[in-house]
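1. build me a structure from this.
(one chain, ligands or ions: 1)
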Amino acid sequence: MKQQYKSYSQTCDFLQECVKNYPDIVSVKSLGKTWEDRDILIATISLNVENADLKPAMLYTGTIHAREWIGNELAVSFIDYLLKNYNTNPKILRTLRRNTLYIVPCVNPDGFEYSKSHFSFWRKNRRDNGDGTFGVDLNRNFSVGYQKIKDTASNVYSGPAPFSEPETMAMKNFVDTHENITIAFDYHSQGNVFFPAHKFNHEMEVDGTDLNTICANMNFEIQKITGRKYGIHRGKPPTKLISGSGREYYYSKGIIAAVVEVGTRNIPDFMQNMKESIDENIPALLRTLGEAQNYSVHAPKRVENFHIESYSYNEVTLSWDYEVNKDIYFQIFRNKEDKEACNESNLICETFNTSFTDIQLESGTAYYYYIRAVNNLTRVKSPFAPRTNIRTLLEPDEFSKTIFPLPSEVGYVAKKTIETNRKHFGYNSLFIGVNETKGVSYGVMQFSLDNIPANATILDAKISLYPLNRVNAKIEKYGEWSISFVDKQSVAELSDFDQIDNAIVIETLGNNIPSEKLTQGIWSHWNFNSSERDILQNQLESKKVLFKISGPTELPVGRDSQMMMFDLGYGNFGGGLHYRPRIDIKYTIPSTEVVLESSKVASVSQDTIDESKLICGFDANNYKIYGVMEFDLEQLPNPNETVITDSYIQIKNKKAPKTAQDIRYNVEFVDVEEITYDNIQNRDRIEFIGYEVSRADIQKQKIHKFIFDYYSRLALENVHRENEKAKFVIKPTSSDIKNHIVEWCGKDVEDSVKLVVKYIQRRREPVSEVTNLGYTIDKNKVKLTWENPKDKDFVGVFVVRNRFHPPKNHLDGDKLYAGPDNYTYDDFGNIKICKYYSVFTYDNVPNYSEPVIIEYKVEKNDTKI
Ligand SMILES: [Zn+2]
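-> Below is the predicted model of the structure:
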């Protein structure tokens with residue numbers, strides 16, 4: 001199989017051939033010589049290649065690690081594709097007219113040759129270290145974060161000094177002298193994952209959205225070809241970042257840079273796997289090459305202060321700042337998941353305005369918004385502004401809970417580790433699948449449903465797991481991972497492999513996730529359909545729900561591992577508590593009904609007010625007669641602790657006069673002080689209640705229900721909150737008939753007029769905000785302190801950090817803390833950077849308060865970070 005891969009010299013020949021056949025498009029030169037005197041070749045590809053350096057450019061580098069052959073192979077295929085198709089493919093023509101591709105198929109020719117001909121798994125270059133060992137890991141030899149390593153035999157030996165190697169020095173010289181490079185992709189294997197660059201920092205970066213989005217847009221192209229989805233993973237700074245890599249050096253030069261780890265093996269079956277990897281990456285690379293101009297000096301400026309202006313349960317208004325320019329318009333993109341593509345597929349608005357309202361959203365749902373400016377004449381786009389996130393409000397009858405398993409109730413059980421399975425709970429990662437050392441391995445997680453009432457109706461549920469690492473899932477397109485409801489009665493001990501293996505499965509949740517879509521660094525979600533929600537609902541009574549996570553249980557011949565690691569959130573290996581498995585549940589509860597009799601009825605005509613009956617119609621002079629109904633709301637429970645979910649006025653008519661005319665009667669919710677004819681005639685109408693009833697309706701049936709809509713229910717709550725009486729008027733709608741009177745059952749008779757109110761115990765409004773928010777520097781960290789409100793329904797605070805604008809929503813930034821304390825540390829933040837912190841209080845619904853915002857200022861803002 002190795003024969004099908006191009007060697008170094010074949011690659012050189014190929015490049016020279018390209019120059020011969022396409023001299024206007026390609027040029028090739030050497031960036032320098034290696035220790036073994038090989039040329040490090042770079043091809044430059046652009047229309048009118050002599051002007052290539054004047055255009056914005058993408059840099060492609062491959063095979064800096066000798067055994068990672070995909071880099072060289074993909075480079076050759078990509079060049080071949082561009083040259084063979086540019087004449088007939090308008091997308092390539094457009095792209096190469098304005099952008100340049102610099103492509104170094106192999107940064108490490110000596111190592112690559114050694115790997116090809118002698119030792120397949122060689123990684124470094126071929127420096128003679130003088131102590132019997134050979135090689136420097138070139139991707140540890142750049143200057144940013146360089147760390148000296150003593151052990152020259154190490155696979156990650158970083159060399160005697162930064163840029164000690166001719167290969168890295170050649171790359172440095174080229175990049176330093178080509179300021180037109182705006183994007184750089186370094187191709188490696190393996191893992192099917194993008195690793196965007198870092199600044200060794202836990203703070204948001206102004207181009208952080210660009211880094212993730214450019215990779216997500218490549219994923220969008222990759223999925224079209226093979227259905228595969230790569231991970232997008234920025235790693236866990238600052239401890240786990242690699243030091244001295246090319247990517248970080250390019251990024252330090254202002255270049256959008258990322259590493260791509262392709263495939264699941266270094267040297268895979270060429271026809272089966274390498275071909276797929278190449279085919280799926282070519283359209284992704286072409287798209288990204290077209291982005292080079294959008295990060296160049298020709299690009300419009302990035303939008304500033306992109307933020308949430310206001311929001312409700314179904315709408316969000318966004319606004320932003322931009323200097324006035326009639327040629328610039330804006331594109332807004334919306335996603336419901338993190339790290340998804342931002343392109344034509346999710347473009348929701350194009351506008352010359354600097355604000356936009358998004359409508360018809362779902363309640364209690366997370367949305368991610370993106371924006372870029374576009375020059376209407378050149379179509380060149382700006383980089384993305386930092387993303388803005390929001391969770392919409394819940395509807396008034398909804399509750400939501402995010403539940404994490406206890407450490408002792410989440411772990412994995414493997415067949416070959418029977419003795420230690422108990423120790424896999426609350427520690428390290430979930431290993432799920434099969435490999436030679438562990439055998440078959442299942443994940444187990446149990447969630448407590450204590451906080452959800454047993455009679456709740458589940459409206460929505462979702463389980464989320466964070467795939468940490470798929471390096472041990474080594475086989476392409478093999479196996480699926482699934483989550484199943486397990487009958488708790490069939491499992492006495494969660495850590496017992498046999499019990500979990502034989503547990504009675506009630507149902508497997510919706511979609512299994514195939515291996516090619518399990519991506520590290522992007523949350524995997526399992527959404528419950530209605531029958532799965534029913535199963536969950538049935539478990540509310542027993543207060544617990546147990547799940548088993550399964551992967552493949554057998555390995556093909558000659559393969560040793562198909563094991564996926566999911567983060568557990570506990571122990572030192574994962575990303576911390578934020579990455580715990582979780583279940584999100586949205587639910588409602590049954591309502592209580594109260595029937596209110598009227599406290600007063602009156603019939604108001606021009607000359608009399610009669611409180612003994614309820615009539616409406618027209619008098620002898622064709623003046624309207626109004627029926628007035630008044631209700632005392634004192635019988636309703638405390639308005640601050642309840643939400644009215646349903647309400648209607650029920651009226652029965654006594655007599656229905658016969659007339660051929662089409663007369664209709666309606667009910668209005670009114671705001672009048674004293675009941676006089678004048679006041680009623682000139683009433684403030686709050687809202688119509690339900691639909692009008694017609695003369696024909698009255699003759700057909702006696703009892704009529706006028707149903708409150710959403711706004712009227714709110715108005716009823718407000719009247720209650722203000723300790724006022726609710727007043728309604730019933731009256732005819734048309735006016736050309738004399739002596740027409742309808743009498744309704746007013747008061748103190750059977751079936752008298754009623755106000756029926758259904759309510760649930762739930763706060764509509766958040767509790768009070770925190771007070772006295774301040775910060776100090778303590779232990780070289782920002783320490784935030786505040787005073788919690790005294791409200792009895794206060795549950796906790798949610799603290800969010802945002803470097804670019806004051807967070808208006810608890811999702812709009814990095815979460816620092818959630819809980820009942822009155823202080824928190826910003827553990828990973830950089831104290832040299834200006835930023836905003838918002839503190840939101842919440843109750844048990846949860847309703848979130850308006851933010852209390854504090855701006856953190858430093859004298860010398862370190863913008864380089
Ligand atoms: Zn590598």
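2. tally of neighbours for residue 579?
-> 20 (other Cβ atoms under 10 Å). Yep, even glycine has a C-beta here, placed from its N, CA and C like the rest.
3. residue contacts, it?
-> 466, 468, 567, 568, 569 (Cβ atoms under 8 Å, 6 or more residues apart in numbering).
4. what distance do you get for the residue in the stretch 501-650 of the chain that the ion sits nearest to to residue 473?
-> For the stretch 501-650 of the chain, the residue closest to the ion is residue 520, as judged by Cβ to the ion, at 15.4 Å. Using Cβ to Cβ, to the nearest Å, residue 520 is found at 9 Å from residue 473.
5. for the closest residue to residue 771 other than its chain neighbours, grab phi and psi.
-> Using Cβ to Cβ, 6 or more residues apart in numbering and skipping residues adjacent in sequence, the residue nearest residue 771 is residue 787, 4.7 Å away. Note on residue 787: backbone dihedrals following degrees, to the nearest 10 are phi -110, psi 130.
6. among the contacts of residue 579, which has the minimum pLDDT value?
-> Lowest pLDDT within the contacts of residue 579 is found at residue 468 (82).
7. what about that residue, how many neighbours?
-> Using other Cβ under 10 Å, residue 468 is surrounded by 23 other residues.
8. residue 422 too?
-> By the criterion of other Cβ under 10 Å, residue 422 has 14 neighbours.
9. which helix or strand lies directly C-terminal to the longest helix seen in the chain?
-> In the chain, assigned by DSSP state H, the helix with the most residues is helix 208-226. Using DSSP states H and E, the next helix or strand after helix 208-226 towards the C-terminus is strand 231-232.
10. which element follows that next one toward the C-terminus?
-> Using DSSP H and E, the helix or strand that follows strand 231-232 in sequence is helix 246-252.
11. could you give the angle of the next helix or strand along the chain from that next one to helix 208-226?
-> Next in sequence after helix 246-252, counting helices and strands by DSSP H and E, comes strand 256-261. Per axes from the mean of the first three to the mean of the last three Cα atoms, to 10 degrees, the angle that strand 256-261 makes with helix 208-226 is 40 degrees.
12. okay, whatever helix or strand comes next after strand 256-261 in PDB with CA atoms only?
-> Following strand 256-261 in sequence order, the next helix or strand is helix 275-291 (DSSP H and E). Presented in PDB, the C-alpha positions along helix 275-291 are these (Å, rounded to 0.1, in the frame of the first residue of the first chain):
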ATOM      1  CA  LYS A 275      -8.500   8.700  -1.100                       C
ATOM      2  CA  GLU A 276     -11.500   9.700   1.100                       C
ATOM      3  CA  SER A 277      -9.400  12.000   3.200                       C
ATOM      4  CA  ILE A 278      -8.100  13.700   0.100                       C
ATOM      5  CA  ASP A 279     -11.400  14.000  -1.700                       C
ATOM      6  CA  GLU A 280     -13.100  15.500   1.300                       C
ATOM      7  CA  ASN A 281     -10.400  18.000   2.000                       C
ATOM      8  CA  ILE A 282     -10.000  19.500  -1.500                       C
ATOM      9  CA  PRO A 283     -13.300  21.400  -1.500                       C
ATOM     10  CA  ALA A 284     -12.600  22.500   2.100                       C
ATOM     11  CA  LEU A 285      -9.300  23.900   1.100                       C
ATOM     12  CA  LEU A 286     -10.700  25.600  -2.000                       C
ATOM     13  CA  ARG A 287     -13.300  27.400   0.200                       C
ATOM     14  CA  THR A 288     -10.700  28.500   2.700                       C
ATOM     15  CA  LEU A 289      -8.300  29.700   0.000                       C
ATOM     16  CA  GLY A 290     -11.200  32.000  -1.100                       C
ATOM     17  CA  GLU A 291     -11.300  33.400   2.400                       C
END
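13. grab the nearest non-local neighbour of the residue of the stretch 501-650 of the chain closest to the ion.
-> residue 231 (3.8 Å).
14. apart from its neighbours in sequence, what residue is nearest the residue in the stretch 401-550 of the chain positioned nearest to the ion?
-> Ranked by Cβ to the ion, the top residue of the stretch 401-550 of the chain for proximity to the ion is residue 471, at 12.0 Å. Distances taken as Cβ to Cβ, 6+ apart place residue 191 nearest to residue 471, at 5.8 Å, with adjacent residues excluded.
15. run the chain-centre distance for the helix or strand where residue 10 lies.
-> In this assignment (DSSP H and E), residue 10 forms part of helix 8-21. Relative to its parent chain, helix 8-21 has a centroid offset of 45 Å by Cα atoms, centre = their mean, to the nearest Å.
16. next, the angle from the helix or strand just after it to helix 8-21.
-> As assigned by DSSP H and E, the chain's next helix or strand after helix 8-21 is strand 26-33. Put simply, strand 26-33 runs at 140 degrees to helix 8-21, going by the same axes, to 10 degrees.
17. what are the contacting residues of the helix or strand that strand 26-33 is followed by?
-> Next along the chain after strand 26-33, taking DSSP H and E as the criterion, comes strand 39-45. Residues from elsewhere that reach strand 39-45 (Cβ under 8 Å, 6+ apart): 11-12, 15, 18, 25-34, 52-53, 79, 82-83, 96, 100-107, 109, 166-167, 170, 174.
18. which of the residues you listed count as buried?
-> 11-12, 15, 18, 25-28, 31, 34, 52-53, 79, 82-83, 96, 100-107, 109, 166-167, 170, 174 (16 or more other Cβ atoms under 10 Å).
19. residue of the stretch 301-450 of the chain closest to the ion, please.
-> Counting by Cβ to the ion, the stretch 301-450 of the chain gets nearest to the ion through residue 339 (21.7 Å).
20. which residue is the nearest non-sequential neighbour of that residue?
-> Nearest residue to residue 339, sequence neighbours excluded (Cβ to Cβ, 6+ apart): residue 232, at 4.6 Å.
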